[in-house]
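Asker: Need coordinates for the below:
(one chain, ligands or ions: 2)
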Amino acid sequence: MSRISPSILSSDFGSLRSEVRMIDDAGASSVHIDVMDGHFVPNLTFGPALVKSVRDSTKLRFDTHLMVEHPDRFIRSFSDAGSDLLIIHPEAKHDMQNTLKLIADCGRGRGVAINPETPVTSVYEYIADADLLLIMTINPGFGGQKFMPEMIPKVEEARKYIDEEGLRVKISIDGGVNLENGKLLTQAGAHELVAGTAVFSSADPAETIRRFIAL
Ligand code: DX5
Ligand code: ZN
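Answerer: Numbering: from 1, shown residues only. Ligands and ions are numbered 1, 2, ... in the order given. The predicted model follows:
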């Protein structure tokens, strides 16, 4: 059994409410919302208003992945809009401890995401109190990129550390995840998988979510 967090980045934005309801009905664990600002990554996506507009479509956790240059400036507004877990990058321009505190002050879950070139050891100081460690298996910015298999040892390294230290933080994987590499990632120690293209470009997205859960 796997936990799956479908990324709405690859969904039909014109039917976002029903896409979110489908994610819920199919049994997913949370909804992954990719926020991009055109600076931290060269793409532009959603703001807090969108989170607010779909908030009443589901009770599922909204995991908001902030790929923005100044995440500290947006914590309060996404929290107010209904984001349950805010995921931040150490590669952005902010003070990680300060932003993690801002998230905690809002009473929201704390997530730490790392780009492929960032070693997992560099975020050990932040994950002790965090809820989620998001290991990127592509360079962030766009859906539909090719999974980087060389990230699998990083997942194993992170899981070993978390288990040895007895931390409660959960490992999630983001980028190019599909039903084939998903199995390998779960075996490597991932607690949860994020998938956009693999879900929404499939013939039957709800069935694909169920197949991820069955991994
Ligand atoms: C990329 C995002 C991912 C991505 C996942 O910057 O963080 O969440 O949309 O989409 P796929 O599964 O298509 O790689
Ligand atoms: Zn993401």
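Asker: Helix or strand next in line after the lengthiest helix in the chain, which one?
Answerer: Assignment by DSSP state H gives helix 152-165 as the longest helix of the chain. Sequence order places strand 170-174 as the next helix or strand after helix 152-165, per DSSP states H and E.
Asker: got the residues of the chain near ligand 2?
Answerer: 34, 65, 174 (CB under 5 Å from the ion). Using the backbone N, CA and C atoms, a C-beta is placed for each residue, glycine as well.
Asker: Select from those the one having the most neighbours.
Answerer: The most crowded member of these, judged by other CB atoms under 10 Å, is His65 (29 neighbours).
Asker: Settle this for me: it is touching Ile33, isn't it.
Answerer: Yes: in this structure, His65 is within contact of Ile33 by CB atoms under 8 Å, at 6.6 Å.
Asker: can you tell me how far Ser79 sits from Gly109?
Answerer: 10 Å (CB to CB, to the nearest Å).
Asker: what touches both of those two?
Answerer: 86, 103 (CB atoms under 8 Å, 6 or more residues apart in numbering).
Asker: Show me which residues of stretch 134-148 are buried.
Answerer: Buried residues in stretch 134-148, counting neighbours by 16 or more other CB atoms under 10 Å, are found at 134-138, 140, 142-143, 147-148.
Asker: Same question for stretch 184-201.
Answerer: So, applying 16+ other CB under 10 Å, buried residues of stretch 184-201: 185-186, 188-200.
Asker: residue contacts, Ile23?
Answerer: By CB under 8 Å, 6+ apart, the neighbours of Ile23 are 6, 8, 31, 58, 60, 209.
Asker: so can I have a markdown table of those showing secondary structure and pLDDT?
Answerer: Output for the contacts of Ile23, formatted as a markdown table (DSSP: H, G, I helix; E, B strand; the rest coil; pLDDT from 0 to 100):
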| residue | secondary structure | pLDDT |
| --- | --- | --- |
| Pro6 | strand | 98 |
| Ile8 | helix | 98 |
| Val31 | strand | 98 |
| Thr58 | coil | 98 |
| Leu60 | coil | 98 |
| Ile209 | helix | 98 |
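Asker: Just the pLDDT at the nearest residue to Val120 once chain neighbours are set aside, thanks.
Answerer: Counting by CB to CB, 6 or more residues apart in numbering, the nearest residue to Val120 once its immediate chain neighbours are dropped is Ala158, at 4.7 Å. Model confidence at Ala158, given as pLDDT, is 98.
Asker: One more: the one 10 residues further on?
Answerer: Note for Arg168: predicted pLDDT of 98.
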